[in-house]
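**Student:** fold the following for me, if possible:
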Amino acid sequence: MIRKFVATDQMAITQLIESEGLDWKDYFEGNNREKYWRSLTDSITYVKVHGDEIIGYLRAIDDHGYDLYVCDLLVHQDHRGQGYGKEILTHVMNLYPNRDIYVMSDVDPYYEQLGYDKIGSIYQVKSK
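**Tutor:** Residues are numbered from 1 along each chain as shown. Okay, the predicted model is just below:
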């Protein structure tokens, strides 16, 4: 089942992110945890539930009715390779049928495997 994120999902998503290790530390270290929780609430966020466990989620930003930008798509390591990431993406595509959807990715091979076209790149203008 895929459903809209609710505030009580925060800890389950935090645990999912922490299971990825230090690559995702910007989302859970120090004050960043609460900041990210606000981001989950303020964004378009959907969770994938398997049994009674959240095993994945997607967080996207709405460009005021123009495009959607997927910032985070994560499926727990134990559940990868079963099509859940694509299922979550498809769910969001169906909810926003007349919008272009772009993914900000650091795992390009995954999206290429799904058949999505790469149409540019992202540049970091300023570092923290």
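**Student:** Tyr110: which element?
**Tutor:** Secondary structure assigned from DSSP states H and E places Tyr110 in helix 108-113.
**Student:** now do that helix: distance to the chain's middle.
**Tutor:** 15 Å (Cα atoms, centre = their mean, to the nearest Å).
**Student:** go on, stretch 69-78?
**Tutor:** Using Cα atoms, centre = their mean, the offset of stretch 69-78 from its chain centre is 4 Å.
**Student:** would you mark the buried spots in it?
**Tutor:** Tyr69, Val70, Cys71, Asp72, Leu73, Leu74, Val75, His76 (16 or more other Cβ atoms under 10 Å). In this view, the C-beta of every residue, glycine as well, is placed from N, C-alpha and C.
**Student:** could you pull out the strands in the protein for me?
**Tutor:** Remark: strands assigned in the chain by DSSP state E are 2-4, 44-50, 53-62, 67-75, 100-103.
**Student:** tell me the contacts of Val47?
**Tutor:** Ile2, Arg3, Lys4, Phe5, Asp9, Ala12, Ile13, Ile54, Gly56, Tyr57 (Cβ atoms under 8 Å, 6 or more residues apart in numbering).
**Student:** distance of it from Glu53?
**Tutor:** The gap separating Val47 from Glu53 is 10 Å, by Cβ to Cβ, to the nearest Å.
**Student:** overlap of the contact sets of these two?
**Tutor:** If you check Val47 and Glu53 against Cβ under 8 Å, 6+ apart, the residues they both contact are Ala12.
**Student:** what does stretch 117-124 rub up against?
**Tutor:** Tyr102, Met104, Asp108, Tyr111, Glu112.
**Student:** out of the helices and strands in the protein, which is least certain?
**Tutor:** helix 108-113 (a mean of 87; mean pLDDT, DSSP states H and E).
**Student:** state the distance from the nearest residue to Tyr36 once chain neighbours are set aside to Leu16.
**Tutor:** The shortest distance from Tyr36 to any non-neighbouring residue, by Cβ to Cβ, 6 or more residues apart in numbering, is to Tyr27 (4.5 Å). Applying Cβ to Cβ, the value for Tyr27 to Leu16 is 10 Å.
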